[in-house]
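1. model this:
(one chain, ligands or ions: 1)
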Amino acid sequence: MLDSETNSKKHLSYWIGIQMRRDLPELANGPHAEIIPPYFKHSVNLLKEAVNADIVNLGNMGAVKTKAIYAEFNSTPPPPKIISKHPELPWELIYDRLDSCVLSPTCRDLWFIVINNIYPNKQRLHRLNQHETGNCAKCINTQETNPHLFMECANTRPVWLFVRELITDKQPGLLFTPCIDFMNLCYTKLEGENMTLFLLSTFVAFIHDCRRAEENVSVNKFKGFLKNCYFKYTQGKHPDIGVLNL
Ligand SMILES: [Zn+2]
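-> Okay, the predicted model is just below:
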């Protein structure tokens, strides 16, 4: 990666030295580019993750290759930082839910990155120098965090309240559950567990899809999405989730 013949340290320092100055101060010396091309922006993200996971440090940065970084990520994934950051959360229950056959593989991946707080919301992009403010496009002076994006934003809140009502209608025992506990999959385990998980995962997938397509969300649109997902779910071999009346 910092091979002295082809990709010299000087070269990397010129392109990404400023972005990496906190993690690898040695790269901060010398002249720097004014505008960083996308290729180097990606390199910065990769390098930051690698430094955080102790794969790259000042001692080995001269020898380590990009390929080796990917190999390291794939063979020995670092324990998610979120676990040590929030040891009070019931991680066994959370991972049981992430493993549930109620979730589609896509939904499981999506929720994994939400729970580990690496979903590319604007606040995260801002931290990675890829968004100017980190603020929500719709709500003035409000950082777009995961709870904001999925549950508090003026755009998504009506849909979230609708989902919450569907859940608590079926399981009044969850009536006083804080929203964040639903998002972190650490709400109390009750009888309607599968339906709750199905509703929550459909909701998260819906918000994510609309966001990716840059479409507005609405309760009606969600109802259509939910009906379609429920139909597909009941056609396949999945755990029973009960009847969904809309
Ligand atoms: Zn907002």
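
2. quick one: terminal-to-terminal distance for stretch 138-146?
-> With C-alpha to C-alpha, to the nearest Å as the measure, stretch 138-146 spans 15 Å from end to end.

3. how many other residues sit next to residue 19?
-> Look at residue 19: counted by other C-beta atoms under 10 Å, it has 22 neighbours. Placement of C-beta: from N, CA and C, glycine included.

4. pretty sure it sits against residue 36.
-> Yes - the criterion here is C-beta atoms under 8 Å, and residue 19 meets it with residue 36 at 7.1 Å.

5. which residues are common contacts for those two?
-> residue 44 (C-beta atoms under 8 Å, 6 or more residues apart in numbering).

6. quick check: residues of the chain near the ion?
-> 136, 138, 139, 153 (C-beta under 5 Å from the ion).

7. show me what contacts the last one?
-> When you say that, I think you mean residue 153. 136, 138, 139, 142, 144.

8. pLDDT score for the last one?
-> The reference is to residue 144. Residue 144 carries a pLDDT value of 96.

9. need the contact list for it.
-> Residue 144 is in contact with 121, 122, 123, 134, 135, 136, 137, 153, counting by C-beta under 8 Å, 6+ apart.

10. tell me how this protein divides into domains.
-> 9-75, 82-235 (automatic domain parsing).

11. lowest average confidence, helix or strand, in this protein?
-> helix 66-75 (a mean of 69; mean pLDDT, DSSP states H and E).

12. following element in sequence after that helix, please.
-> Using DSSP states H and E, the helix or strand that follows helix 66-75 towards the C-terminus is helix 81-85.

13. which residues touch that next one?
-> 52, 91, 115, 116, 117.

14. would you mind putting the CA coordinates of that helix into CSV?
-> Only the C-alpha atoms of helix 81-85 are listed here, as CSV (Å, rounded to 0.1, in the frame of the first residue of the first chain):
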residue,chain,number,x,y,z
LYS,A,81,-17.0,-1.7,18.6
ILE,A,82,-20.6,-1.2,19.5
ILE,A,83,-20.5,-4.1,22.0
SER,A,84,-17.8,-2.6,24.1
LYS,A,85,-19.4,0.8,23.7
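
15. let the chain start at 53 from now.
-> Sounds good: first residue 53 from here, last item helix 133-137.

16. give me the average confidence score over the following helix or strand past that helix.
-> Note on helix 133-137: by DSSP H and E, the next helix or strand toward the C-terminus is helix 143-151. Across helix 143-151, pLDDT averages out at 94.

17. one more: stretch 217-237?
-> Here the average pLDDT along stretch 217-237 is 94.

18. what residues of it count as buried?
-> The neighbour-count check on stretch 217-237 (16 or more other C-beta atoms under 10 Å) flags 218, 219, 222, 223, 226, 229, 231, 234, 235, 236, 237 as buried.

19. what's the end-to-end length of it?
-> Stretch 217-237 stretches 17 Å from its first residue to its last (C-alpha to C-alpha).

20. need the contact partners of that stretch.
-> By C-beta under 8 Å, 6+ apart, the surrounding residues in contact with stretch 217-237 are 141, 145-146, 149-150, 163, 166-167, 198-199, 202-204, 212, 216, 239-240, 242-244, 247-249, 251-252, 294.

21. among the buried residues of stretch 217-237, which lie within helices?
-> 218, 219, 222, 231, 234, 235 (DSSP state H).

22. tell me the spacing between the fourth one and the ion.
-> By that I understand residue 231. Residue 231 is 15 Å from the ion, where distance means C-beta to the ion, to the nearest Å.
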